[in-house]
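Colleague: here's a sequence, model it:
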Amino acid sequence: MKGLFLVILLLSVSAFSFNVLVPAGPTVVGVAGLLEGKVRSELPLKIDFWRTLDQVNAQITAKSADIVILPVSIGTALYLKNIDLRLAAVTLWSGFYIVTKDLQLAAVEDLAGKEIYTPQGKGQTGDVLIRFLMSKYNLSNTSVKYAAQNEIVALMSAGKVKVAVLPEPFVTLAVKNASASIAFDLQEIWSKLTDKPAELPITGVFVRGDLLEKSQQLSLALEALKRSVDYAMQNKKEVSELSAKYLGGMSPEIIEQSLERTIYRYNSAKEKKEEIIFYLSVVNQIEPEAVPRVPDDDFFAF
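Modeller: Numbers count the residues shown, from 1 in each chain. Okay, here's the model as predicted:
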C-alpha cells in the first residue's frame, strides 16, 4: 500500500507543470540556467517573458501564469490591489549605483541641485533609493527624471545626462559606452542610513495564491528556480554567455563584469520577512501611492 501511494504521488507531481513569467530584462540571468537546460527541474516549467504589468495582470487573472518574477515593490502593489499574488522568495539583493558623466562628486551632499535620472517611474527601486537618500541628506533643488535604462545610457553618452541611478548591467554599460564613473554604491548608502546590511529586496518570485494548496509541486518548482540562481552565481562567465541572447545584444563581457557588483541569492520570503517589511515600509513612506500600506502575513507564501 505504501509503495502504491508513492507511485500515485510521483505520478501526480510529474503530471503537473507551471507557467513562469520573467521580466524581459537583466533578471533573465537568474533563470538562464533553466532556459538553456543547464539546470534541471523535477517538473515541467514553461518560461515566457512579460513586458507590461497589464500582461501580468491579465495572465494572473486568466490563470495562465503561475509564477511571476517581479520587482518586490511592484508585486506588493499588485497584491494590495487584490491581485492574487504572494511572495515566495527574493532573488536579487544588490545592483544599484549612482553613476556620473564629466562630474566629480566628493560626497553625497554634492548631489544638491543636480538633475538625476532613474529608470522607469515612481515607486520602483531606483526611484525609492534616490528619493530616500534625498530626504535623509536634505538635498535641496535636486530633481528626479525618469527614462528607460537604455535611454539613460544613450543620453549619458551624448552628454545630456550628468547623474543617473542605474541597475546593473546598465551601470557597466554606462561605464564602457558613455565613459561614466561609479560615484556611489546605493546599497552601502542604504546600510549607512538604516543600520541594515548593504543589500535590499529588489526582485522577488511571486506565486498565484490559489496554487498554495499545491505546496509540494510549488516547492519543486521553486527549488528549480533556486538552483538556477545558484548556478548563475557559481558560473558567471557561462551564464553571461547564455543570457546575452535574451538581452538585446548586450555583450557577455558586460554582463559578466556587472555580476561582480550584483548579488543574486535565493532567500525564502518568510526567512527574510523582517528585511522585506522594513524595505516596504520605506517604499510606503517615499511613494504611498505605489505601496499604500505594508502587506499582511498572508503576503508571505514560503
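
Colleague: A strand includes E223, no?
Modeller: No: going by DSSP: H, G, I helix; E, B strand; the rest coil, the assignment for E223 is helix, not a strand.

Colleague: and it, how many neighbours?
Modeller: 13 (other Cβ atoms under 10 Å). Quick note: C-beta positions are derived from backbone N, CA and C, even for glycine.

Colleague: how about it, what does it touch?
Modeller: With contact taken as Cβ atoms under 8 Å, 6 or more residues apart in numbering, E223 is in contact with E42.

Colleague: so how far is L80 from it?
Modeller: From E223 across to L80, the span is 28 Å (Cβ to Cβ, to the nearest Å).

Colleague: can you give me the helices in this structure?
Modeller: Listed in chain order, the helices of the chain (DSSP state H) span 2-14, 32-35, 53-61, 72-80, 125-137, 149-157, 170-177, 186-194, 215-234, 236-244, 252-258, 273-286.

Colleague: out of those, flag the one nearest A89.
Modeller: Shortest separation from A89 across the helices of the chain is recorded for helix 215-234, at 6.5 Å, computed as Cβ to Cβ.

Colleague: got the CA coordinates for that closest one in PDB?
Modeller: Taking only C-alpha atoms (Å, rounded to 0.1, in the frame of the first residue of the first chain), the coordinates of helix 215-234 have been written out as PDB:
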ATOM      1  CA  SER A 215       2.600  23.300  -1.900                       C
ATOM      2  CA  GLN A 216       4.500  20.200  -2.800                       C
ATOM      3  CA  GLN A 217       4.500  20.900  -6.500                       C
ATOM      4  CA  LEU A 218       5.200  24.600  -5.900                       C
ATOM      5  CA  SER A 219       8.200  23.700  -3.700                       C
ATOM      6  CA  LEU A 220       9.700  21.600  -6.500                       C
ATOM      7  CA  ALA A 221       9.300  24.500  -9.000                       C
ATOM      8  CA  LEU A 222      10.800  27.000  -6.500                       C
ATOM      9  CA  GLU A 223      13.700  24.600  -5.800                       C
ATOM     10  CA  ALA A 224      14.500  24.600  -9.500                       C
ATOM     11  CA  LEU A 225      14.500  28.400  -9.600                       C
ATOM     12  CA  LYS A 226      16.800  28.400  -6.600                       C
ATOM     13  CA  ARG A 227      19.200  26.000  -8.300                       C
ATOM     14  CA  SER A 228      19.100  28.300 -11.400                       C
ATOM     15  CA  VAL A 229      20.000  31.400  -9.300                       C
ATOM     16  CA  ASP A 230      22.800  29.400  -7.600                       C
ATOM     17  CA  TYR A 231      24.100  28.300 -11.000                       C
ATOM     18  CA  ALA A 232      24.200  31.900 -12.200                       C
ATOM     19  CA  MET A 233      26.500  33.000  -9.300                       C
ATOM     20  CA  GLN A 234      28.700  29.900  -9.500                       C
END
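
Colleague: kind regards, and thank you for your time.
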